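Chemist: Provided below for reference: sequence and predicted model.
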Amino acid sequence: MGKPTGFLEYPREETIERKPLQRLKDWKEYTKKQPEDMLKRQGARCMDCGTPFCHIGIEINGAAAGCPINNLIPEWNDLVYRGKWKEALDRLMKTNNFPEFTGRVCPAPCEGSCTVELAGPAVTIKNIEKAIIDKGFENGWIQPRIPERRTGKKVAIVGSGPAGLAAADQLNQAGHSVTVYERADKAGGLLTYGIPNMKLDKDVVERRIKLLRQEGIDFILNTEVGKDVTSEELKIQYDSIILCTGAQKQRDLTLQGREADGVHFAMNYLTQATKRLLNIEVSEPLIDAEGKNVIVIGGGDTGADCVATALRQKCKSVVQFGKHPKLPDVRSDANMWPEQPNIFTMDYAYEEATAQYGHDPREYSVQTKKIVSDHNGRLKELHTIQMKRTSDDAGNMVFEEIPGSEKIWPADLVFIAIGFEGTELPVLKEFGVEVKHNKVDAEHGDYRTNVDGVFAAGDSRRGQSLIVWAIQEGRDCARQVDLSLMGSTILP
Ligand SMILES: Cc1cc2nc3c(=O)[nH]c(=O)nc-3n(C[C@H](O)[C@H](O)[C@H](O)COP(=O)(O)OP(=O)(O)OC[C@H]3O[C@@H](n4cnc5c(N)ncnc54)[C@H](O)[C@@H]3O)c2cc1C
Ligand code: SF4
């Protein structure tokens, strides 16, 4: 273990970030490189407890508890404490194909399950993970691993998000010839077009794609399966196919005035902002927040990313409406360890808005009643009412309007960020794949669809989730595909 008394001697040291007003001037990552002595102290806080809940990776009440890819956290915490970075990297790469992504943007359910959290704040596991992989790249320890033998089997993967990339990496290392089809102009799925650059630098994504290409994986971009190439063509060319098409079908508002000019889906805005940053031509009309009153409808992380993006485009004001009340500062009795804590936090976007305008942009328990536009059809204002959350006789959550709490908000731009309905259906229909609740109907751990030789993994099977779950499914599905192709498997 790290240092037997480390958790008693050292406090938790939070991620060091760039100053909010400073970082609003650019699109670079908002976190700084963490000093090595600080990371070693954090490694020393790990208790190497008998049952390390941090890596159990199960779901409790619909949320992850512990690391879904079962990262060997106590082992690399100890190695970092002892300065053995290369060995720590070897351990980390055993379970995680892309720690440079999770180390930056994973919500770290591992930390919510850390045993130290029972008596105080958890070990900063995510920061240690990021430092190990960043050091691996800096020191040239990460080199292309070209498979020594090829099996002659061919696998097509549809979609290049973290699920598709993890499956491709595993299957390529097992010796199969892997081709990834992606309809976008760049690979990466939501890692590229979704998560903003200030959370995950696109050079970091591009570096990994380059490495995967060097290792032998073929990427075919700007190609939509089901349209530019048919499912029949793929079935003829490949021995197996994995659908990793994500769950990007956005939930819409059915509200009076929804058609107003100036109301956009959050994802269209975020994708366009990244394209503009990367100097990629944008064919759709420009969405720019400069000098505008911006309202984000939806209290989740996608909404927070819209807030941070609008701030960097120098909006005049920004507000984010959430349907639910403010979260408690400490865990409730219904949200006990080792579950992921469901508590109030200050995400990067909220720190930035507070620094810029002197107050948190979040408005809680708000219901939008209607959208009003001017005589040109141009968005003018939103009408809202405050809601009270209670429960009915059967214990179900219900929301009631509070009479007299109506409010009018001036608005020039509105972003709809109220979640995702599920995966896009046309491509699944083309394959003849069965769908349940807007997701591919395939079991976790098995991944086979009803169509012979066609598997599914990631958000397309699970619904909109997390990068770490997408990696878990991509890895696990690759194992099943290898097994079906070879009769036995060498993959973990
Ligand atoms: C704005 C936003 C921010 C997020 N932030 C975080 C975060 O901070 N941390 C976190 O852990 N998770 C975050 N998530 C969730 C996370 O990004 C997803 O859970 C994850 O990317 C899912 O991976 P995936 O590979 O299953 O699908 P995706 O990443 O959605 O990739 C699917 C890919 O399939 C392609 N595709 C679809 N259909 C076809 C077709 N017919 N032919 C060819 N290609 C096709 C798509 O273009 C896309 O590139 C965020 C999500 C959003 C929307
Ligand atoms: S992948 Fe996420 S849950 Fe797993 S160790 Fe890293 S930060 Fe924690």
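Modeler: Good, I have the coordinates. Ligands and ions are numbered 1, 2, ... in the order given.

Chemist: Whatever residue of the stretch 351-492 of the chain ends up closest to ligand 2: how many residues sit nearby?
Modeler: With C-beta to the nearest ligand atom, the shortest gap between the stretch 351-492 of the chain and ligand 2 falls at residue 468, namely 4.4 Å. Every C-beta, even on glycine, is put in place using the N, C-alpha and C of the backbone. Using other C-beta atoms under 10 Å, the number of residues around residue 468 comes to 25.

Chemist: now the one 10 residues further on
Modeler: Residues lying near residue 478 (other C-beta under 10 Å) number 32.

Chemist: Numbering from 17 from now on, please.
Modeler: Sounds good: first residue 17 from here, last item residue 494.

Chemist: where does it land in three-state SS?
Modeler: Counting by DSSP: H, G, I helix; E, B strand; the rest coil, the backbone at residue 494 sits in helix.

Chemist: about what we covered before: OK, contacts around the residue of the stretch 367-508 of the chain closest to ligand 2?
Modeler: 80, 83-85, 118, 122, 125 (C-beta atoms under 8 Å, 6 or more residues apart in numbering).

Chemist: try it again with 10 Å
Modeler: 73, 80, 83-85, 87, 112, 114, 117-118, 121-126, 178 (C-beta atoms under 10 Å, 6 or more residues apart in numbering).

Chemist: can you confirm it is in a helix?
Modeler: Yes. The assignment for residue 484 is a helix, going by three-state DSSP.

Chemist: Can you give me the pLDDT of it?
Modeler: Note for residue 484: predicted pLDDT of 98.

Chemist: And residue 359, by the same measure?
Modeler: Reading off the model, residue 359 has pLDDT 95.

Chemist: Next up, the contacts around residue 355.
Modeler: Residue 355 neighbours (C-beta under 10 Å, 6+ apart): 75-82, 125, 128-129, 347.

Chemist: Now render the residues you listed as a markdown table, adding distance to residue 50, pLDDT and secondary structure.
Modeler: Listed next are those as a markdown table, based on distance: C-beta to C-beta, whole Å; pLDDT from 0 to 100; DSSP: H, G, I helix; E, B strand; the rest coil:
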| residue | distance to residue 50 | pLDDT | secondary structure |
| --- | --- | --- | --- |
| 75 | 30 | 88 | strand |
| 76 | 29 | 87 | strand |
| 77 | 32 | 83 | coil |
| 78 | 31 | 82 | coil |
| 79 | 26 | 82 | strand |
| 80 | 24 | 83 | strand |
| 81 | 25 | 92 | strand |
| 82 | 23 | 96 | coil |
| 125 | 20 | 96 | helix |
| 128 | 20 | 95 | helix |
| 129 | 22 | 96 | coil |
| 347 | 26 | 93 | coil |
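
Chemist: List buried residues within the residues you listed.
Modeler: Among the contacts of residue 355, those classed as buried by 16 or more other C-beta atoms under 10 Å are 76, 80-82, 125, 128-129, 347.

Chemist: can you tell me which of the contacts of residue 484 are in helices?
Modeler: 117-118, 121, 125-126, 178 (DSSP state H).

Chemist: Residue 163 reaches residue 506, doesn't it?
Modeler: No. In this structure, residue 163 is not within contact of residue 506 by C-beta atoms under 10 Å, at 11.2 Å.

Chemist: Going by how many neighbours each has, rank these two and give me the top one.
Modeler: residue 163 (15 against 11).

Chemist: secondary structure class for that one?
Modeler: What three-state DSSP gives for residue 163 is coil.

Chemist: And it, what's its pLDDT?
Modeler: Residue 163 is given a pLDDT of 97.

Chemist: which ones are touching it?
Modeler: So residue 163 contacts 187-193, 231-232 (C-beta under 10 Å, 6+ apart).

Chemist: would a markdown table of the residues you listed with secondary structure and neighbour count be doable?
Modeler: A markdown table is the format used below for the contacts of residue 163 (DSSP: H, G, I helix; E, B strand; the rest coil; neighbours: other C-beta atoms under 10 Å):
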| residue | secondary structure | neighbour count |
| --- | --- | --- |
| 187 | helix | 29 |
| 188 | helix | 23 |
| 189 | helix | 20 |
| 190 | coil | 23 |
| 191 | coil | 17 |
| 192 | coil | 25 |
| 193 | strand | 19 |
| 231 | coil | 17 |
| 232 | coil | 18 |
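
Chemist: and the residue of the stretch 367-508 of the chain closest to ligand 2, how far is that from residue 458?
Modeler: 19 Å (C-beta to C-beta, to the nearest Å).

Chemist: Summarise which helices and strands the worst-scoring helix or strand of the chain on mean pLDDT is packed against.
Modeler: Using mean pLDDT, DSSP states H and E, the weakest-scoring helix or strand in the chain turns out to be strand 79-81, at a mean of 86. On a contact count with 3 or more C-beta pairs under 10 Å, 6 or more residues apart in numbering; DSSP states H and E, strand 79-81 meets strand 74-76, helix 125-128, helix 483-502.

Chemist: Highest mean neighbour count out of those?
Modeler: helix 125-128 (a mean of 27; mean count of other C-beta atoms under 10 Å).

Chemist: Could I get the phi/psi values of the residue in the stretch 367-508 of the chain that ligand 1 sits nearest to?
Modeler: Nearest residue of the stretch 367-508 of the chain to ligand 1, counting by C-beta to the nearest ligand atom: residue 474, 2.5 Å away. Recorded main-chain torsions at residue 474 are phi 80, psi -150, according to degrees, to the nearest 10.

Chemist: on that earlier part again, which neighbours do residue 163 and residue 506 share?
Modeler: Shared contacts of residue 163 and residue 506, counting by C-beta under 10 Å, 6+ apart, come down to 189-191.

Chemist: Give me the number of neighbouring residues for the residue of the stretch 367-508 of the chain closest to ligand 1.
Modeler: 34.

Chemist: Then residue 316?
Modeler: When neighbours are counted by other C-beta under 10 Å, residue 316 comes out with 16.

Chemist: contacting residues for residue 345?
Modeler: 359-361.

Chemist: what do you get if the cut-off is 8 Å, keeping everything else the same?
Modeler: So residue 345 contacts 359-360 (C-beta under 8 Å, 6+ apart).

Chemist: Please report the distance of it from ligand 2.
Modeler: 23 Å (C-beta to the nearest ligand atom, to the nearest Å).

Chemist: now residue 123
Modeler: 7 Å.

Chemist: ok, which of the ones in helices among the contacts of residue 484 also contact ligand 2?
Modeler: 118, 125-126 (C-beta under 6 Å from any ligand atom).

Chemist: ok, the residues you listed vs residue 331, which is closest?
Modeler: Relative to residue 331, the closest of these is residue 118; by C-beta to C-beta it sits at 30.4 Å.

Chemist: What is the neighbour count of the closest one?
Modeler: Neighbours of residue 118 using other C-beta under 10 Å come to 27.

Chemist: And the shared contacts of residue 163 and residue 506, which is closest to ligand 1?
Modeler: residue 189 (18.3 Å).

Chemist: Need the nearest residue in space to the closest one, chain neighbours excluded.
Modeler: residue 163 (5.9 Å; C-beta to C-beta, 6 or more residues apart in numbering).

Chemist: Check residue 395 too.
Modeler: residue 278 (3.2 Å).

Chemist: list the contacts for the one you found?
Modeler: With C-beta under 8 Å, 6+ apart, residue 278 has these contacts: 389, 394-395, 427-430.
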